[in-house]
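here's a sequence, model it:
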Amino acid sequence: MTMKLTASRYRIRRPTEAPAQADAARVGAPSATDAPTQIPHETTAPTPPQLATMVTPPAGTGNMEADLQAIRNEGLTGRQLRLARRIAQKHDLPATSDFDAVRVLRRAGIDPFQRTNMIDIVAGDGAAAGQAPQTSRALASVPSGPASLPLRPITAPTPQARAEQSNFAEIQKIQRDILRRRRRKGLLLAMRLCFFVLLPTLFAGWYYYVIATPFYATRAEFVIQQSEAPSGGLGGLFSGTQFATAQDSIAVQGYLQSRDAMMRLDSDLGFRSHFSTTEVDPLQRLSPGASDEAMYKIYKRNIKISYDPTEGLVRLEVAATSPETAVAFTKALISYAEEQVDRLTRRLREDQMAGARDSFDEAEAKMLAAQRRVVELQERYKILSSEVEVSLIAGQIAELEGQVMQERLSLAQMESNETPNLARMDPVKRRILTIEEQIAELRAKLTEDSSTGLSLAKVQSELLVAQADVTTRQLLLAQSLQQLETARIEANRQVRYLSLSVNPTASDEPSYPRAFENTMVTLLIFSGIYLMISMTAAILREQMTA
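Numbering: from 1, shown residues only. Model (predicted):
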């Protein structure tokens with residue numbers, strides 16, 4: 001039977017009685033301490049006669065109230081009383097209270113506070129040889145070592161003394177074995193920590209402090225602004241804020257992080273050749289025949305671009321082996337960003353102006369066609385204005401009708417005479433007929449077609465339609481011109497400007513690598529990995545042994 005034993009479960013006390021009393025206790029002689037007394041639990045270890053009296057009291061000694069009062073005077077804790085109640089219930093012993101449970105158990109020969117351990121097993125072997133069984137409370141009086149034993153006359157060891165010495169030697173052996181296992185586990189833990197945590201951390205610190213190439217960082221900040229004036233409605237709420245140009249800022253950020261910008265930077269300033277020199281350490285160096293994907297990884301590692309939506313700023317940080325190269329790379333990337341902004345706004349302006357310009361050109365062409373139509377009609381009918389022609393003919397007709405009226409009055413006056421003069425009346429009648437014919441001809445010219453051309457009414461209607469078409473086309477042309485001017489103003493408002501808030505300047509000290517911070521991060525990473533693996537292994541080991 002294998003049982004675990006820890007040193008904290010055994011408390012070995014020095015003997016307090018006199019040597020003679022101790023010798024008498026070992027040989028079984030009666031002494032003054034054999035009388036049963038009230039001993040508090042876990043304060044003073046009882047002697048074997050006292051323990052036998054407590055565990056197996058003789059039947060009929062004392063009444064129940066005296067026994068309960070004696071148990072109350074022992075100063076037992078609540079945990080000990082609850083333990084006694086559970087043990088009494090386990091053995092089906094009737095008990096009215098916790099103290100009665102202790103009394104019943106002791107009368108039944110059961111100690112509710114006895115610990116089952118290896119010392120009891122060894123003591124049981126001594127009991128089999130004819131000695132009284134020893135408990136952990138009895139063993140509490142065993143001396144801690146030979147040096148602490150009181151001086152006494154040399155006598156032959158008794159069987160009880162030999163059992164006690166054997167128990168003490170067994171306890172020391174177990175303690176030494178526990179200490180040896182703890183030392184071995186601590187040494188193995190230290191070796192694992194050194195191999196899996198400290199050694200990689202030292203290697204990383206050596207790399208960052210000794211091998212890593214220093215890089216100089218150049219920082220710049222710029223903002224994309226819009227020249228659009230605040231307008232009414234909901235659209236004017238975000239005008240002039242960073243939200244109005246957020247899309248353009250994100251587009252510029254994406255372009256600067258793209259392979260297109262990397263290739264332009266390589267063709268203009270030799271990005272690949274700069275990171276392929278021997279000045280760069282092997283872990284960060286770009287091989288001369290490396291692919292574009294490997295160069296793009298170096299590009300993303302050394303060129304960091306971020307956009308702050310709360311302030312509308314685009315932050316640019318470029319790292320290179322020399323401060324001058326870092327400044328040159330930063331200025332080149334800012335110029336690429338300006339070109340990208342101009343390209344985006346130029347297309348927007350052209351799209352806005354294209355529709356207005358096409359509408360104006362179409363209205364102008366139609367107006368010119370209508371004007372040519374009017375001129376053609378005027379040239380065909382030899383009439384400058386139909387309204388003028390109508391007014392002239394109407395004036396002639398009115399004048400002729402006035403003459404007819406006068407001639408008719410003259411003729412009526414002549415006919416009123418008793419002896420009218422026919423010689424004077426005939427010329428008047430002929431003039432009246434001639435004027436009426438002239439009036440009829442003029443009226444026919446207004447409404448009837450002649451051999452020389454169309455009537456003046458048809459000519460006037462065509463001219464009026466043509467002139468109305470010209471007037472309409474002129475109005476449409478004016479509206480198209482207004483729309484063109486409005487589109488030009490709106491296009492000018494849509495222009496974006498890239499404004500530098502922080503100019504790129506050369507750094508006099510390297511910014512990378514951050515040796516201490518990187519070393520601490522490496523330590524935390526490997527510590528976390530080791531802790532995770534250790535916990536996983538412990539859980540798996542527990543599941544396999546369960």
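
who are the packing partners of the helix or strand hosting Arg162?
Using DSSP states H and E, Arg162 sits within helix 159-193. With contacts taken as 3 or more CB pairs under 8 Å, 6 or more residues apart in numbering; DSSP states H and E, helix 159-193 sits against helix 118-128. Every residue, glycine included, has its C-beta placed from N, CA and C.

average pLDDT for the helix it packs on, rounded please.
The average of the pLDDT scores along helix 118-128 is 42.

pLDDT below threshold where in the stretch 1-150 of the chain?
For the stretch 1-150 of the chain, residues meeting the criterion pLDDT under 70 lie at 1-62, 115-150.

can you give me the strands in the chain?
216-226, 303-308, 313-320, 496-502 (DSSP state E).

show me which residues of the helix holding Arg162 are buried.
160, 163-164, 167-168, 171, 174 (16 or more other CB atoms under 10 Å).

still on that earlier bit, just send the strands of the chain back as TSV, with mean pLDDT, distance to Lys429 and mean neighbour count too.
As requested, these are exported to TSV (pLDDT from 0 to 100; distance: least, CB to CB, whole Å; neighbours: other CB atoms under 10 Å):
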stretch	mean pLDDT	distance to Lys429	mean neighbour count
strand 216-226	90	91	20
strand 303-308	92	105	16
strand 313-320	93	104	21
strand 496-502	85	92	14
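
buried residues in stretch 86-105, which are they?
87-88, 93, 95, 98-105.

hmm, back to that, just how off-centre is the helix holding Arg162 within its chain?
55 Å (CA atoms, centre = their mean, to the nearest Å).

returning to that earlier point: relative to Leu265, which of the strands of the chain is closest?
strand 303-308 (8.5 Å; CB to CB).

ok so, going back, nearest to Leu256, of the strands of the chain?
strand 303-308 (5.0 Å).

mean confidence for the helix holding Arg162?
88.

ditto for stretch 431-438
85.

buried residues in it?
431-432, 435.

from the residues you listed, which land in helices?
Using DSSP state H, the subset of the buried residues of stretch 431-438 located in helices is 431-432, 435.

nearest residue to Leu523 other than its sequence neighbours?
For Leu523, ignoring the flanking residues on the chain, the nearest one in space by CB to CB, 6 or more residues apart in numbering is Thr201 at 4.5 Å.

how much space between Thr519 and Tyr208?
To Tyr208, Thr519 is 6 Å away according to CB to CB, to the nearest Å.

how close does the residue of the chain most remote from its centre sit to Arg488?
Using CA atoms, centre = their mean, the residue of the chain lying farthest from its centre is Thr419. It sits 127.1 Å away. Distance, Thr419 to Arg488, using CB to CB: 91 Å.

for Glu401, same thing?
In this view, Glu401 and Arg488 are 60 Å apart by CB to CB.

who has more neighbours, the two?
The residue with more neighbours, out of Glu401 and Arg488, is Arg488; 15 against 12, by other CB atoms under 10 Å.

if we can go back for a sec, want to try CSV for the buried residues of stretch 86-105, with distance to Thr245 as columns?
Output for the buried residues of stretch 86-105, formatted as CSV (distance: CB to CB, whole Å):
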residue, distance to Thr245
Ile87, 82
Ala88, 84
Leu93, 88
Ala95, 86
Asp98, 81
Phe99, 86
Asp100, 88
Ala101, 84
Val102, 86
Arg103, 90
Val104, 90
Leu105, 87
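
just those residues now: which is nearest Ser273?
Looking across these and measuring by CB to CB, the closest to Ser273 is Ile87, at 86.9 Å.

show me what contacts the closest one?
Taking CB atoms under 8 Å, 6 or more residues apart in numbering as the criterion, Ile87 is in contact with 101, 105, 110, 112.

let's have the residues you listed in a markdown table, adding distance to Ala217.
Converted to a markdown table, the contacts of Ile87 look like this (distance: CB to CB, whole Å):
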| residue | distance to Ala217 |
| --- | --- |
| Ala101 | 78 |
| Leu105 | 80 |
| Ile110 | 80 |
| Pro112 | 75 |
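
taking those together, which two end up most distant?
Longest span within the contacts of Ile87, CB to CB: Ala101 and Ile110, 10.4 Å.

Ala66 is nearest to which of the strands of the chain?
strand 303-308 (86.6 Å).

what is the closest one packed up against?
The contact analysis (3+ CB pairs under 8 Å, 6+ apart) places strand 303-308 against helix 246-256, strand 313-320.

rebuild these as a markdown table, extending it with distance to Gln479.
Converted to a markdown table, the helices and strands packed on strand 303-308 look like this (distance: least, CB to CB, whole Å):
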| stretch | distance to Gln479 |
| --- | --- |
| helix 246-256 | 32 |
| strand 313-320 | 42 |
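
separation between Val102 and Val521?
Distance of Val102 to Val521, given as CB to CB: 61 Å.

excluding chain neighbours, what is closest to Leu476?
Using CB to CB, 6+ apart and skipping residues adjacent in sequence, the residue nearest Leu476 is Ala363, 4.5 Å away.

so who does the residue lying closest to Tyr512 once chain neighbours are set aside touch?
If the residues on either side of it in the chain are set aside, Tyr512 comes closest to Phe215, at 4.1 Å by CB to CB, 6+ apart. Phe215 makes contact with 302, 319-321, 510-513 under the criterion CB under 8 Å, 6+ apart.

and the buried residues of stretch 86-105, which is closest to Leu189?
Nearest to Leu189 out of the buried residues of stretch 86-105 is Ile87 (CB to CB; 40.6 Å).

related to what we said a few turns ago, nearest to Met532, of the buried residues of stretch 86-105?
So of the buried residues of stretch 86-105, ranked by how close each gets to Met532 (CB to CB), first place is Ile87, at 44.3 Å.

number of nearby residues for Pro510?
16.

so how far is Asp281 from the nearest residue to it once chain neighbours are set aside?
What sits nearest to Pro510 in space, not counting adjacent residues and going by CB to CB, 6+ apart, is Pro214, at 3.4 Å. Shown here: Pro214 relative to Asp281, a distance of 10 Å by CB to CB.

likewise for Pro504?
Distance, Pro504 to Asp281, by CB to CB: 25 Å.

same question, Tyr207
Remark: distance between Tyr207 and Asp281 (CB to CB) = 8 Å.

tell me which of these two has more neighbours.
Taking neighbours as other CB under 10 Å, Tyr207 and Asp281 compare with Tyr207 leading, 17 against 14.

which parts of the stretch 401-546 of the chain are helices?
Applying DSSP state H, counting those that start in this stretch to the stretch 401-546 of the chain gives helices spanning 422-447, 456-493, 515-545.

most tightly surrounded among those helices?
Compared across the helices of the stretch 401-546 of the chain, helix 456-493 shows the largest average neighbour count, a mean of 16 (mean count of other CB atoms under 10 Å).

so what does that one touch, helix or strand wise?
For helix 456-493, the elements it packs on are helix 323-381, helix 386-415, helix 422-447, judged by 3+ CB pairs under 8 Å, 6+ apart.

now render those as JSON lines, adding distance to Leu484.
As requested, the helices and strands packed on helix 456-493 are exported to JSON lines (distance: least, CB to CB, whole Å):
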{"stretch": "helix 323-381", "distance to Leu484": "4"}
{"stretch": "helix 386-415", "distance to Leu484": "34"}
{"stretch": "helix 422-447", "distance to Leu484": "44"}
